[in-house]
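Asks: A structural model of the following input is requested.
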Amino acid sequence: MSEQNDYAKIIAKAWADDDFRARLLADPGATLLAEGVELPAGKRVVVNEDTADVINISLPARPSELSDEALDSVAGGFYYPQLSRPEDYGKLGKK
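Replies: Residues are numbered from 1 along each chain as shown. The predicted structure is shown next:
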């Protein structure tokens, strides 16, 4: 089973089970392990919950060195039209 599939199942369970969601928010590492999701040694898990008033954005770890293409997109003010309207946040990655 893939990591992405594991996380999709965890999210679905959290949506369906309020007690599970509370445990996941309070102690994500232990809750994931109890569900059979293996975590890399030494890694910490943080779970944030979006609400009607809060949108969480997870920033990936910064690469050790940016490529010229990545630098150009930052310097050029690369625009993500998918993020221009809050009502479209759920559509990211969909065509």
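Asks: show me what contacts the residue nearest to Ile10 when sequence neighbours are not counted?
Replies: Counting by CB to CB, 6 or more residues apart in numbering, Ile10 lies nearest to Glu35, which is 6.4 Å off, once chain neighbours are set aside. (C-beta placed from N, C-alpha, C; glycine too.) For Glu35, the contacting residues are 6, 9-10, 13, by CB atoms under 8 Å, 6 or more residues apart in numbering.
Asks: ranking those by neighbours, who comes first?
Replies: Counting neighbours by other CB atoms under 10 Å, Ile10 leads the contacts of Glu35 with 19 neighbours.
Asks: That one: what secondary structure?
Replies: For Ile10, the assignment made with DSSP: H, G, I helix; E, B strand; the rest coil gives helix.
Asks: That one against Val37, yeah?
Replies: Yes: counting by CB atoms under 8 Å, Ile10 touches Val37, with 6.9 Å between them.
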